[in-house]
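> coords below, sequence missing:
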């Protein structure tokens with residue numbers, strides 16, 4: 001939903017959902033064992049989050065990118081989720097975009113129902 005006066009969304013639910021992972025894991029990250037272990041975990045979670053946002057099969061993406069990185073490949077731009085997605089259309093999870101559309105439709109329907117005037121019941 002967008003405001004009437006600008007192209008800025010009224011809500012930031014998408015952003016809040018992305019930040020939920022950070023908030024959920026914050027306490028867990030305190031106990032990673034060391035600073036370097038926490039940095040590795042943060043990097044891995046960033047890669048996973050990027051794959052999810054790009055509707056990729058996370059396992060296929062991680063497997064390919066990690067194998068290539070461990071083999072010494074340094075062309076990071078080709079391993080970025082949007083570039084990898086173009087080269088691996090079989091790993092795109094179309095149903096994720098459809099699920100988001102359905103969720104947005106349900107949300108719009110609920111909001112529209114709440115805006116309808118309440119039916120008054122006749123006195124007994």
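Thanks, I have it. This is a predicted model, so every value here is computed, not measured.
> Strands of this structure, residue ranges please.
Ranges of strands in the chain, per DSSP state E: none exist.
> What score does the most centrally placed residue in it have for pLDDT?
In the chain, the residue lying closest to the centroid (Cα atoms, centre = their mean) is residue 53, at 4.0 Å. Residue 53 carries a pLDDT value of 87.
> what's the spacing between it and residue 106?
Distance of residue 53 to residue 106, given as Cβ to Cβ, to the nearest Å: 21 Å. The way it works is simple: take the backbone N, C-alpha and C, and place the C-beta from them, glycine included.
> Could you give the number of residues near residue 87?
Other residues lying near residue 87 total 10 when counted by other Cβ atoms under 10 Å.
> Sorry, slip of the keys, the one I care about is residue 56.
Residue 56: 22 surrounding residues under other Cβ under 10 Å.
> Could you do the one 5 residues further on as well?
The local packing count at residue 61 equals 22, with neighbours defined by other Cβ under 10 Å.
> Spatially nearest residue to it, not counting backbone neighbours?
In this structure, residue 61 finds its nearest non-sequential neighbour in residue 51, 4.4 Å apart by Cβ to Cβ, 6 or more residues apart in numbering.
> ok now do the one you found, which residues does it touch?
Applying Cβ atoms under 8 Å, 6 or more residues apart in numbering to residue 51 gives the contacts 57, 58, 61, 62, 81.
> I'd assumed residue 53 was in contact with residue 93.
No: Residue 93 lies out of contact with residue 53 (Cβ atoms under 8 Å); the separation is 11.6 Å.
> burial of residue 77, as a residue count?
7.
> ok, it - contacts?
Residue 77 sits in contact with residue 83, where contact means Cβ under 8 Å, 6+ apart.
> Next: the one 3 residues further on.
For residue 80, the contacting residues are residue 50, taking Cβ under 8 Å, 6+ apart as the criterion.
> For residue 90, see how far away it is.
For residue 80, the distance to residue 90 - Cβ to Cβ - is 18 Å.
> re earlier: surely the residue nearest to the centre of the chain touches residue 81?
Yes: if you go by Cβ under 8 Å, residue 53 and residue 81 touch, sitting 7.3 Å apart.
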